[in-house]
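J.: Build me a model from this:
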Amino acid sequence: MIAFSHSHWNRSLIWFVRRVAVILAGVLAATAQQTDQLQQQLQELKQQYDATTRDLEQRIAALEQQIENQKEAREKTREGTVSGVELAAQETQKAVLGQSDQVGAKFQGKLASEPTYDLLREADTKIAKLHEQLGTFEFHGYFRSGYGLNSVGGEQVAFQSPGAGAKYRLGNEAETYAELIFVNNWLNPEHNSDQMWIKTETMIEANTTNAGNYANFAGGTGNDQFRFREAFVQIGNVLEGQPSAKFWAGERYYRRQHIDIDDFYPLDMSGYGAGVEDISLRIGKLAVAFLSGARPDIVTQNGNLAKSNIDVRFYDLKGPAGLWAAWFDFANSKGGTTTTGTAIPTTNGYAVGLRHQRLEWHGGYHALSIQYGTGPASNFSTSIDDPTSFINSTARFLVTEQVLVQPNDRFAIMPIFIYQRTKDGNPQHDWNQWVSFGARPEVFFTKYLSLAFEGGFDHTHSRGQYDGWLRKFTIAPQIGAGNKFFSRPVLRAFLTYASWSDGLRGFVGGVPFQNRTSGLSYGVQAETWW
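T.: Below is the predicted model:
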């Protein structure tokens, strides 16, 4: 009885163990199957996440490439500025990547493609609008600003010879000056040749005496001055046979000629009027303009005294040793009797000029101009000199030469020469004369560090008034944006020394040096254009 029971118990135990093993195997199999399913789901999630990330990266890369292509095609990027398109690209990249960072959190088994597409489409629209605005608007300008002292202890003064039309600039500018130019392209900003384009340009000029950051002095002495120097519309590609011709009207700087190191304008017909320029003649180009100016302080029975000019220019004429240009101006001023009874004669005059230039010459350029004018055209400007009974006999002869040479990245030099003779028309008076020559060499130690020198000599003569010479020398260490002569912006410190002959005593250096024949000034300055 006992043996039977023991055998039966053994068989029951074996049966129980087998059943438990079967159950455990089933449980483990089910668990393994669920694990495999979870692993598969996880892998699918990873694959979908990777696909989404790649898709976003491709869209971002495509957008960035599109922006870069549009920027390069539109214009050369202005140095030192960040364009609105680049800012849009940065903002778009941040927005898209911000959405991508949340894909894993929001995934939950399905691809979040629609919100991402909407975001990119919105970004495309914003970029297109920003590009359109950027393509239509331009901002250009120039300014110089700084502060200096004279060796006596007062504010910096400039050294300029009487009768000279300009002064050597480096370390010799005692003001803050700025020109802010706003341009808007209304049609065809790219100036494509298959359609007309229209743009407007305005300019505000500001001039301060560096006397105070907020200039509000009694009587207005030393206060800031602001002028509206440009406001004109220009239209191009109007005539099918002359796609390069540009029509304009308003107030503008008109085709000025400039010598940089002494800030002299041999020809400056800026003013009010209208004209057309860049008419192709095959051998060169033609510009014709009507330009005027007036004197509100001189009133006759005809109104404010005015002068009208017909300005004709031939330029970009290819000839021996470079490009040639010719200029003709006819000026007329209607006379009358002023309110004080002074009779002002009606005057006519003309001016002619010849210019030769080589725009690529030893790393720089060369320009020579010769001009002669009579009567109201003798000042080579739209402005009106004080009228006299001898105005029809006034005359001016001017020769200028400027050269820029930069043979390498370590050295550059700009020498200039000016010879001018003027006559006020009075037969009792002799010719006035101004002779000037000087140079500004620059030595570049690195791409950004340089040392500039400037030496200039002026001799002026006016019988019975003054006769003498002025020489000026400046040394200026500089930090600039590059190692070219015209690399800007630039920061400079300067030390300027000037001396002059007894014949100019009292005419040079203002109050601090009125009884002296030499002077010294020093200071700092920033200068740039864009």
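
J.: what ranges of the stretch 101-250 of the chain fall below the confidence cut-off?
T.: 101-135 (pLDDT under 70).

J.: how does it look with 50?
T.: 101-115 (pLDDT under 50).

J.: go on, the chain?
T.: Within the chain, the set of residues satisfying pLDDT under 50 comprises 1-6, 9, 27, 77-85, 87-89, 91-115.

J.: Adjacent strands (with direction) for the host helix or strand of R355?
T.: Take DSSP states H and E as the rule and R355 turns out to sit in strand 347-361. Sheet neighbours of strand 347-361, with direction, are listed as strand 322-333 (antiparallel), strand 364-374 (antiparallel) (DSSP bridges).

J.: got a list of contacts for it?
T.: 257, 267, 315, 319, 321-333, 335, 365-378, 380, 387, 391-392, 394, 403-405 (C-beta atoms under 8 Å, 6 or more residues apart in numbering). Where you see a C-beta, it was placed from the backbone N, CA and C, and this is true even at glycine.

J.: Just the buried ones from those, in ChimeraX syntax?
T.: The following ChimeraX command selects only the buried members of those, with burial defined by 16 or more other C-beta atoms under 10 Å:
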select :257,267,315,322,323,324,325,327,329,330,331,332,333,335,365,366,367,368,369,370,371,372,373,374,375,376,377,378,380,387,391,392,394,403,404,405
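
J.: thinking again about what came up before, and the strands paired with strand 347-361 as JSON lines, adding distance to F137?
T.: What follows is the strands paired with strand 347-361, written out as JSON lines (distance: least, C-beta to C-beta, whole Å):
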{"stretch": "strand 322-333", "distance to F137": "32"}
{"stretch": "strand 364-374", "distance to F137": "31"}
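
J.: between those, which one is nearest to G293?
T.: Minimum separation from G293 across the strands paired with strand 347-361 (C-beta to C-beta) falls at strand 322-333, 9.7 Å.

J.: for E205, what are its contacts?
T.: Going by C-beta under 8 Å, 6+ apart, the list of residues near E205 reads 177-180, 226-229.

J.: no wait, A439
T.: The contact partners of A439, by C-beta under 8 Å, 6+ apart, come to 261, 413-416, 454-456.

J.: Please, a PyMOL command that selects the buried ones among those?
T.: Selection of buried members from those for PyMOL, criterion 16+ other C-beta under 10 Å:
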select buried, resi 261+413+414+415+416+454+455+456
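
J.: Max pairwise distance over the contacts of A439: which two?
T.: Using C-beta to C-beta, the contacts of A439 span at most 13.4 Å, a distance reached by I413 and G456.

J.: before we move on, back to that, give me the subset of the contacts of E205 lying in strands.
T.: Members of the contacts of E205 lying in strands (criterion: DSSP state E): 177-180, 226-229.

J.: Let's see which of the contacts of A439 end up in strands.
T.: Among those, the subset assigned to strands under DSSP E consists of 413-416, 454-456.

J.: Closest one of those residues to N216?
T.: If you rank these by distance to N216 using C-beta to C-beta, E454 comes first, at 34.6 Å.

J.: surely the closest one meets Q478?
T.: No: the pair E454 and Q478 fails to qualify as a contact (C-beta atoms under 8 Å) at a distance of 11.7 Å.

J.: Out of the strands paired with strand 347-361, which is closest to S499?
T.: With C-beta to C-beta as the measure, strand 364-374 is the member of the strands paired with strand 347-361 nearest S499 (29.9 Å).

J.: follow-up on the earlier one: please pick the buried ones from the contacts of E205.
T.: Among these, the ones that count as buried by 16+ other C-beta under 10 Å are 177, 179-180, 229.

J.: For beta bridges, what are the partners of the residue nearest to Q301 when sequence neighbours are not counted?
T.: In this structure, Q301 finds its nearest non-sequential neighbour in G336, 5.1 Å apart by C-beta to C-beta, 6 or more residues apart in numbering. Counting by DSSP bridges, G336 is bridged to I344.

J.: for H140, same thing?
T.: Here H140, judged by DSSP bridges, has bridge partners I181.

J.: which ones are touching it?
T.: Going by C-beta under 8 Å, 6+ apart, H140 touches 181, 183, 529-530.

J.: and if you look at T200?
T.: Residues touching T200, when contacts are defined by C-beta under 8 Å, 6+ apart, comprise 183-184, 186, 232-234.

J.: Most widely separated two among those?
T.: Comparing all pairs in the contacts of T200 by C-beta to C-beta, the longest separation belongs to W186 and F232, at 13.2 Å.

J.: Doesn't N69 lie inside a helix?
T.: Yes: under DSSP: H, G, I helix; E, B strand; the rest coil, N69 falls within a helix.

J.: Could you count how many residues lie near it?
T.: N69: 10 surrounding residues under other C-beta atoms under 10 Å.

J.: Could I get the contacting residues of it?
T.: With C-beta under 8 Å, 6+ apart as the criterion, no residue contacts N69.
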